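Enquirer: Got a predicted structure plus its sequence, pasted below:
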2 protein chains.
Amino acid sequence: MHAMAWTARNSEGYAAPVALAADAVVLTVRDGVLLVLCVRRDDGALVLPGGFVGETETPLETVRRKLEEKTGVRQGYFEQLATFAEPGRDPRGWVPTVAHLALVPPDTEPTDPAAAWVPARPAPALAFDHGAILAAALDRLEGKLWWSNVAVGILPGAFPLSQARSVYAAIAGVDYDPATFARDLKATGLIEPTGEQQADGPGRPAALYRFVSADPAWGAGRRKRVAPPASART
Amino acid sequence: MHAMAWTARNSEGYAAPVALAADAVVLTVRDGVLLVLCVRRDDGALVLPGGFVGETETPLETVRRKLEEKTGVRQGYFEQLATFAEPGRDPRGWVPTVAHLALVPPDTEPTDPAAAWVPARPAPALAFDHGAILAAALDRLEGKLWWSNVAVGILPGAFPLSQARSVYAAIAGVDYDPATFARDLKATGLIEPTGEQQADGPGRPAALYRFVSADPAWGAGRRKRVAPPASART
DNA sequence: TCAATAGTGTCTGTAAGACACTATGTA
DNA sequence: TACATAGTGTCTTACAGACACTATTGA
């Protein structure tokens, strides 16, 4: 079953990577729980979704393509994370991977039966260096949460502040005071009221908001509290 | 003179990158000016230093090796920045590059005659996508300045606060009040007094400080003012 | 003694956390 | 009316920016 490691040479005769991979830490929030999309391989290993970068595409395009194959989603927030290129990281040979962070709506369902949502905390046991990739993604996400519109990938087009608060709290690992949360999220300038309301069950109907931009954007610069970084929580 | 673009295939028959590159945005501060190390190629193009990643090394090791070849320095602050892998970015063929941020002491002198220090602002005209790499490096540096010990790469082992202030001001593109600067840098917990003093010219001698750690580390979390990001300054 | 640089103390504005209180819907 | 959720107002603490003032050296 064990194939020999792949090799590759370029036309100048020097060794080249045998392939360039692109992996994605695909995250969403359901019922206040941060979930990561994982794939169970035939050999039982639990890994992050990913694939090989084609000659004519960027790693980001690879990630979008693979994610669409596995879940059908095209929308979300996508961002390059870091490249993992330690020589022995992939048993197939020299395969650097460009890791990405992807946030998708909570109603995203895996179409590939090997893929499934798994709670991101505590971190699941992933094969190869995928645990380190996941940790890097969570650190990045927490770090950008209050400084950018990352959450636009998870929240629907129009949402009440309570839903935003649930998402932010799940990502940050902290509970936010509703009043303070509303004040500070509005102060970032990243969201704006839609003018509509949503009545959902008992209680006063909530005003709906939307993100001003769906493209990556930066906020006014808050300092809000988040839990200690995942790397320090072990 | 135009060679045909290189090609590469792996042993499975699929196209592979023809090589993996690692480039570095090497920065330092001299006399309050932020400088970037550039290389003038034989064809006249101004580029960032870099090289091909070997089969048995990480991109970071490539960067350290290349920098030692060009300047002799081994110490400094090194960090991976981002990977640039747009299909047509390199005329030689499919060559993704893992860009790095490197901060080195100001007395670092190029040994390679083709390399020279160039003011980083306004940004010099660089070939290929190296301008975008430089811009990303400056954004990252400004963003991390007050949250990490990045500056440890530029400052000597022991330094007066006035020197640190000069370096921070050059990076941030802002002048800091000496009193406020001292209070806030000490509050990060990243530096500690050496107990020694340095008399340099007229005036009261300055107490010397050192960074607690030379390895990448995070501070207590300030919010200090920096100039608008380079990407917004054009 | 003066100039120059280092360092301290304090005032002010702004923002984050906490929480009491009001508003508006459904059962 | 009871209850549940949405939203407002305000108090407190912390910290960044500004700046006046003191300290310590060399010329």
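Expert: It's in.
Enquirer: so where do the strands sit in chain A?
Expert: Here chain A has its strands, by DSSP state E, at A:8-10, A:21-30, A:33-40, A:46-47, A:50-52, A:77-84, A:97-103, A:115-119, A:159-160, A:191-198, A:206-211.
Enquirer: So for DNA strand C, which of those strands sits nearest?
Expert: strand A:191-198 (7.3 Å; C-beta to the nearest atom of the strand). In this view, the C-beta of every residue, glycine as well, is placed from N, C-alpha and C.
Enquirer: from memory residue A:121 sits against residue A:173, does it?
Expert: Yes. Using C-beta atoms under 8 Å, residue A:121 is in contact with residue A:173, at 7.1 Å.
Enquirer: and the residue nearest to the spatial centre of chain A, what pLDDT?
Expert: Nearest to the geometric centre of chain A sits residue A:102, at 3.1 Å (C-alpha atoms, centre = their mean). Looking at residue A:102, its pLDDT reads 98.
Enquirer: and it, what does it touch?
Expert: Listed by C-beta atoms under 8 Å, 6 or more residues apart in numbering or on different chains, the contact set of residue A:102 reads A:24-27, A:63, A:67, A:76-79, A:153.
Enquirer: mind redoing it with 10 Å?
Expert: A:24-28, A:36-37, A:49, A:60, A:63-64, A:67, A:73, A:76-79, A:81, A:137, A:153 (C-beta atoms under 10 Å, 6 or more residues apart in numbering or on different chains).
Enquirer: Stretch A:126-146: which residues count as buried?
Expert: Across stretch A:126-146, burial judged by 16 or more other C-beta atoms under 10 Å in any protein chain shown covers A:126, A:128-130, A:132-138, A:140-142, A:144-146.
Enquirer: follow-up on the earlier one: and of the strands of chain A, who's closest to residue B:180?
Expert: strand A:191-198 (32.7 Å; C-beta to C-beta).
Enquirer: Spell out which strands sit alongside that closest one in the sheet and which way each one runs.
Expert: strand A:206-211 (antiparallel) (DSSP bridges).
Enquirer: and the partner strand, average pLDDT?
Expert: On average, strand A:206-211 scores 97.
Enquirer: And residue A:190, how far from residue A:144?
Expert: Remark: distance between residue A:190 and residue A:144 (C-beta to C-beta, to the nearest Å) = 12 Å.
Enquirer: again, but for residue A:179
Expert: Distance from residue A:179 to residue A:144, by C-beta to C-beta: 24 Å.
Enquirer: Next: residue A:120.
Expert: For residue A:120, the distance to residue A:144 equals 16 Å [C-beta to C-beta].
Enquirer: what's the answer for residue A:201, then?
Expert: Per C-beta to C-beta, residue A:201 is found 32 Å from residue A:144.
Enquirer: Show me the beta-bridge partners of residue A:27.
Expert: Beta-bridge partners, per DSSP bridges, of residue A:27: residue A:36, residue A:103.
Enquirer: mind pulling up the phi and psi values for the closest residue to residue A:87 other than its chain neighbours?
Expert: Spatial nearest neighbour of residue A:87, excluding adjacent residues (C-beta to C-beta, 6 or more residues apart in numbering or on different chains): residue B:56 at 5.2 Å. With angles defined as degrees, to the nearest 10, residue B:56 sits at phi -120, psi 20.
Enquirer: can you pull the contacts of residue B:56?
Expert: Taking C-beta under 10 Å, 6+ apart, one finds A:15, A:87-88, A:94 in contact with residue B:56.
Enquirer: per-residue confidence for the nearest residue to residue A:86 once chain neighbours are set aside?
Expert: Spatially, and ignoring its direct neighbours in sequence, residue A:86 is nearest to residue B:58 (5.6 Å; C-beta to C-beta, 6+ apart). Per-residue confidence for residue B:58 comes out at a pLDDT of 98.
Enquirer: and residue B:58, how many neighbours?
Expert: 20 (other C-beta atoms under 10 Å in any protein chain shown).
Enquirer: show me what contacts it?
Expert: A:83-87, A:89, A:96, B:22, B:64, B:80, B:98.
Enquirer: Farthest pair within the residues you listed?
Expert: Going by C-beta to C-beta, the pair spanning those furthest: A:89 and B:64, at 19.1 Å.
Enquirer: Which one's more surrounded, the two?
Expert: residue B:64 (21 against 17).
Enquirer: Check the gap between the closest residue in space to the more buried one that isn't next to it in sequence and residue B:100 for me.
Expert: In space, and not counting its chain neighbours, residue B:64 is closest to residue B:78: 6.6 Å by C-beta to C-beta, 6+ apart. Separation of residue B:78 from residue B:100 (C-beta to C-beta) stands at 6 Å.
Enquirer: ditto for residue A:180
Expert: For residue A:180 relative to residue B:100 (C-beta to C-beta), the value is 39 Å.
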